[in-house]
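Colleague: Here is a sequence together with a model predicted from it:
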Amino acid sequence: MSNDNHTPVKHDDSHVPVHAAAEPIADPGLAPHTWRPTDVDPRAEKRAERQIAAMFIAAMISAVLFVVAYFSFEVGDNWDTFAGMGASTVSLGVTLGISLLLIGVGIIHLARKLMADAEMVEMRHPAASPPEDREATLEALNAGLDEAGIGRRPLVRNTMLGAVGVLGLPAVVLLRDLAPGSTLDIGKLATTIWEPGMRLVRDVVGTPILASEIEVGDLINAAPEALFPTEENGYPELEAGDEQVQKAKGAIIVVRMDPDDIIAMTGREKWTVDGIICYSKICTHVGCPISLYERTTHHVLCPCHQSTFDLADSAKVIFGPAARPLPQLPLAVDEEGHLVAQSDFNEPVGASYWEREKQ
Amino acid sequence: MSVDTSKVATSNRTTAATTSKPGPAGSLATCADDRLGLATVMKKNLRKVFPDHWSFMLGEIALWSFVVLLLTGVFLTLWFNPSMGHVTYEGSYDQLRGIGMSESMASTLNISFDVRGGLLMRQMHHWAAMIFIASMMVHLLRVAFTGAYRKPRELNWVIGCILLLLGTLEGFTGYSLPDDLLSGTGVRAADGFLKASPVVGTYMSFLLFGGEFPGESIIPRLYIVHVLLIPGILLALIAAHMLLLVYHKHTQWPGPGRTEQNVVGYPMLPVYAAKAGGFFFMVFGVISLMGGLLSINPVWKFGPYDPTKVTAGSQPDWYMGWPDGALRIMPTGWETVLFGYTISWNVLIPILLLPPLMLVILILLPFLEGWVTGDKRDHHLLQRPRNAPTRTAVMVALMTFYGLLWAAGGNDIIAIKLHASINQITYFMRVAVFLGPILAFWITRRWCISLQRHDNDKLLHGYETGVITRSPDGQYAERHLPISTAAAYTLTARDRDEVFTSQGDTDAAGVASPNSRSEKLRARLSTWMYVHNVQKPTAAELEEAHHHAEHEAELTSGLDHPVDGHQFDDHRLRDTDDVPLRDH
């Protein structure tokens, strides 16, 4: 006897399919409706009713508990008493959630158990309008356009379109003052608040940095002293907005390494003080502040997109998407031994922009 | 079963009952219809039929989470102060008291610590946003994998793609508002992206920020975009999406009685309205539980924005992760200076070109498919993913591309969790984003085709019973039994693929046809799309296979103990055409 009913019959996969008018199996039609227990058994029906009502009652109770929780749990000082978010938040969320969920489950239970469940058939109609409607619409459209006479008068049509088009100009020009007056001066990107002789200060407390107190291997997050104006240093107070702008551009990192490790670029031999070297903290990729320093390799990594710079070698990019080294700030020491800038950066800091090389 | 007694006479009086005056609800309805004429619209739609399937619920999750977003968002606006004005925080949260920050950050902390239910609403808002975008994506995949985007629904697909884009932008503008350290870092990166746009980028950045980054304008501007502009467009597009859904009527899965010409399911009133309405409460409830129990975006831990600071492991919200991944795996140094102007390919390609390109590809999918197949018919029956192997494979390839970039966006997290080298992960990803999709395409297509073969085997030889029989000459074989007619019909309820063939270079009169080049390309693509697909068996093939099975049954019937495979299950009585196989 042949026993090959388990071996697949070879099908010609590659043949161009033929269009068979007849389907291989005729549509058996909708399966007959079957009754649910709740349709035929009054006890099941009552049971479902009770279940649904119980859910709705529990939802009411939960909503009342929400109000109770609102007034019984304090917010404010005891914010972390429960699940790290406070008893108030947790209990409000849970009571609200349970109330809503029970209403939802109750309604769906109602639909599934007690509402009529006979499937209905509705016929579809083509999305397209009937051809006579299309023709009538076209006629109406043509009649309207004809009466308007726009097609016959190209001068009127073109000037009208032109007039409406030119209205785009006022719309665009109106947006000019999104950055009013001189705030639109993109030349400001090329400079920072650093100037010759400005002291480097620690970025949180604002105290000046003695060259002698930095050990080899240290990295200090620093800022220009002008961001910490006092009567003593005489820098003017900055407005809050301007302060953020200057902070965003002026942030620096100061590291000290063995002077022999530094591979100074031509022209930058005098920019360091005994192995103390200073770079912009702002990544040249899209402008995140870089932060992760590996002292043995002198590499610093930007946490946003992992561009890695070699601080010993003019902060050249050794990994990641950045294209340019971090700008270097030329350093000197003042008579008290504090680190000061020789000048501003000699190139714009931060992300690249179209006009960068023109400035 | 309750008996409808409304049509049964309640009295046996000899005079005819007069119609009573309408109740208050009735007179209100009359009053409304006199003015609005709603009855004409509602008579058609109150009992409109919606087909049922779990996968049709995914879009509903998106819709309901959007409603939750509107509700919780309105609550948040009552306290949130979108200002970059500088204040010193004096609220309840100890660790930040006395610290300078913007008013938007301070009011966010106020909502979180001093408004009862405020933190709940903030967390619900953020979770709802994630669910909104995630469910839109999964809904999009469902629509694509089942071919629901084919004619006449292409326009609704386009609207859906735009909704996904707007939802993503809405998410970004939303999580930037608190002006905390994490979101501020994201805004600064966005400033870097703007500046990388050729020609106009620097001015776009200055205009958006009202001068140099960060300025004092960005939060109020993002705020109005977040609470008015984008939600308004979202609302309008969602309305259009729903109207088109109602007009086209929902697609349905093929099956007995379910054809291209009809729609089978439950009426809007009461079943569908109850299910959809109940589902709204469930989505709302789940989001409430998440908001109450799962911490999200704890801005108080990040602190206020300071342009000199950043935390390790800075990540955007997950739906922004894939372009970030593309940004991370760009090779070093892709920047050129042309005539003195800087072009930052390292930002331009992954952020300004890739996401719009992906969106365009997504939007074009139904149109490309329609052109290649030359199919101009309306389609209301869904396709199983296996029955459109090339489409399924293209989608899986796109998903793989997306997924790999998304993983690359977390390369630092992966490196920490797996103790792997971040450099090696990045090198791997640079190659994988190109090879992965190709591999995924090939595997998926072969997988679909073998599933098609499996379906044909079931049709021709029946399902595997798991019963092994031994023939007199010692051969072992597994028994196959025919599947039910309903199941067999469902398997065959699909079109045969028709490869588009070019009409040739010349027409009947020997004149070169104008579109011959594009026609040829189309024929080649159509062949590539369909050529390996397995077509359903013809009536003759089925007939032959069944004849063969009968013949075999005859042979076996001569045995002492005829084996039909039902000795070991209880299908013997049930598995007939009259009583379809039910799961129990």
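Modeller: Thanks, I have the structure now.

Colleague: Residue A:245 - that's part of a strand, no?
Modeller: No - per DSSP: H, G, I helix; E, B strand; the rest coil, residue A:245 lies outside any strand segment and is helix.

Colleague: how much space between it and residue A:350?
Modeller: Distance, residue A:245 to residue A:350, using CB to CB, to the nearest Å: 11 Å. The way it works is simple: take the backbone N, C-alpha and C, and place the C-beta from them, glycine included.

Colleague: Those two - which one has more neighbours?
Modeller: Neighbour totals were compared for residue A:245 and residue A:350, and residue A:350 leads with 29 against 22 (other CB atoms under 10 Å in any protein chain shown).

Colleague: which outside residues touch stretch B:490-505?
Modeller: For stretch B:490-505, contacts defined as CB atoms under 8 Å, 6 or more residues apart in numbering or on different chains pick out A:16-20, A:23-25, A:27, B:254-256, B:258, B:372-374, B:381, B:383-384, B:387, B:455, B:458-459, B:483, B:512-513, B:516, B:519-520, B:522-523, B:526-527, B:530-531, B:533, B:535-537.

Colleague: Going by neighbour count, list what's buried in that stretch.
Modeller: For stretch B:490-505, the neighbour count (16 or more other CB atoms under 10 Å in any protein chain shown) marks B:490-495, B:497, B:499-500, B:502 as buried.

Colleague: Need the worst-confidence member of those.
Modeller: Lowest pLDDT among the buried residues of stretch B:490-505: residue B:502, with 71.

Colleague: just for chain B, where's the confidence low?
Modeller: Under the criterion pLDDT under 70, the flagged ranges of chain B are B:1-21, B:503-515, B:553-584.

Colleague: So in it, which helix runs the longest?
Modeller: helix B:422-461 (DSSP state H).

Colleague: any idea which helix or strand comes after that helix?
Modeller: strand B:463-470 (DSSP states H and E).

Colleague: by contact count, what packs against that following strand?
Modeller: Judged by 3 or more CB pairs under 8 Å, 6 or more residues apart in numbering or on different chains; DSSP states H and E, strand B:463-470 is in contact with strand B:476-481.

Colleague: Residue of chain A nearest chain B, please.
Modeller: In chain A, the residue that lies nearest chain B is residue A:93 (1.3 Å; CB to the nearest CB).

Colleague: tell me, how many neighbours does residue 192 end up with?
Modeller: Defaulting to chain A. As a burial measure, residue A:192 scores 26 neighbours (other CB under 10 Å).

Colleague: actually it's chain B I care about, not the one you picked
Modeller: So residue B:192, with other CB under 10 Å, has 29 neighbours.

Colleague: In terms of helices and strands, where is it?
Modeller: Per DSSP H and E: helix B:181-195 holds residue B:192.

Colleague: Does at least one residue of that helix sit close to chain A?
Modeller: Yes - using CB under 8 Å from any CB of the partner chain, helix B:181-195 reaches chain A at B:185, B:188-189, B:191-193, B:195.

Colleague: what packs against the helix or strand where the residue of chain A closest to chain B lies?
Modeller: Assessed by DSSP H and E, residue A:93 sits inside helix A:87-113. Helix A:87-113 is packed against helix A:42-72, helix B:118-145, helix B:273-293, with contacts defined by 3+ CB pairs under 8 Å, 6+ apart.

Colleague: and with 10 Å instead?
Modeller: With contacts taken as 3 or more CB pairs under 10 Å, 6 or more residues apart in numbering or on different chains; DSSP states H and E, helix A:87-113 sits against helix A:37-40, helix A:42-72, helix B:118-145, helix B:273-293.

Colleague: Let me know which of these is the nearest to residue B:112.
Modeller: Of all those, it is helix B:118-145 that lies closest to residue B:112, at 4.6 Å by CB to CB.

Colleague: picking up where we left off before, so what sits against both of residue A:245 and residue A:350?
Modeller: Common contacts of residue A:245 and residue A:350 (CB atoms under 10 Å, 6 or more residues apart in numbering or on different chains): A:192, B:213, B:307.

Colleague: Now the closest residue to the last one other than its chain neighbours. Its backbone dihedrals?
Modeller: In space, and not counting its chain neighbours, residue B:307 is closest to residue A:248: 3.6 Å by CB to CB, 6 or more residues apart in numbering or on different chains. Listed backbone geometry of residue A:248 is phi -60, psi -30, with angles given as degrees, to the nearest 10.

Colleague: my read: residue A:248 touches residue B:188, true?
Modeller: Yes - in this structure, residue A:248 is within contact of residue B:188 by CB atoms under 10 Å, at 7.5 Å.

Colleague: Excluding chain neighbours, what is closest to residue B:254?
Modeller: Using CB to CB, 6+ apart and skipping the chain neighbours, the partner closest in space to residue B:254 is residue B:493 (3.6 Å).

Colleague: Share the number of residues neighbouring the closest residue to the residue of chain A closest to chain B other than its chain neighbours, please.
Modeller: Counting by CB to CB, 6+ apart, residue A:93 lies nearest to residue B:292, which is 1.3 Å off, once chain neighbours are set aside. Using other CB under 10 Å, the number of residues around residue B:292 comes to 25.

Colleague: And for residue B:324?
Modeller: 23.

Colleague: and it, what does it touch?
Modeller: A:304-305, B:186, B:189, B:314-316, B:350-351, B:405-406, B:408-411.

Colleague: to the chain's geometric centre, what's the distance from stretch A:296-305?
Modeller: On the basis of CA atoms, centre = their mean, to the nearest Å, stretch A:296-305 is displaced by 23 Å from the centre of the chain it belongs to.

Colleague: how about the spatially most central residue of chain A, secondary structure?
Modeller: What sits nearest the mean C-alpha location of chain A, by CA atoms, centre = their mean, is residue A:304, with 12.5 Å. Using three-state DSSP, the structure places residue A:304 in coil.

Colleague: what residues are up against it?
Modeller: Here residue A:304 is in contact with A:283, A:285-291, A:320-321, B:185-186, B:188-189, B:192, B:310, B:312-316, B:324, B:327-328, B:412 (CB under 10 Å, 6+ apart).

Colleague: Buried ones among the residues you listed?
Modeller: Restricting the contacts of residue A:304 to buried positions leaves A:283, A:285-291, A:320-321, B:185-186, B:188-189, B:192, B:310, B:314-316, B:324, B:327-328, B:412, with burial counted as 16+ other CB under 10 Å.

Colleague: Could you pick out the residues of the stretch 1-150 of chain B near chain A for me?
Modeller: Contacts of the stretch 1-150 of chain B with chain A, taken as CB under 10 Å from any CB of the partner chain, map to B:1-2, B:44, B:47-52, B:64, B:68, B:84-87, B:91-94, B:100, B:102, B:112-124.

Colleague: Verify the contact between residue B:75 and residue B:124 for me.
Modeller: Yes - assessed by CB under 10 Å, residue B:75 is found in contact with residue B:124 at 9.1 Å.

Colleague: neighbour count winner among those two?
Modeller: residue B:124 (29 against 18).

Colleague: Leaving out chain neighbours, which residue sits closest to that one?
Modeller: Excluding its sequence neighbours, the residue lying closest to residue B:124 (CB to CB, 6+ apart) is residue B:291, at 3.3 Å.
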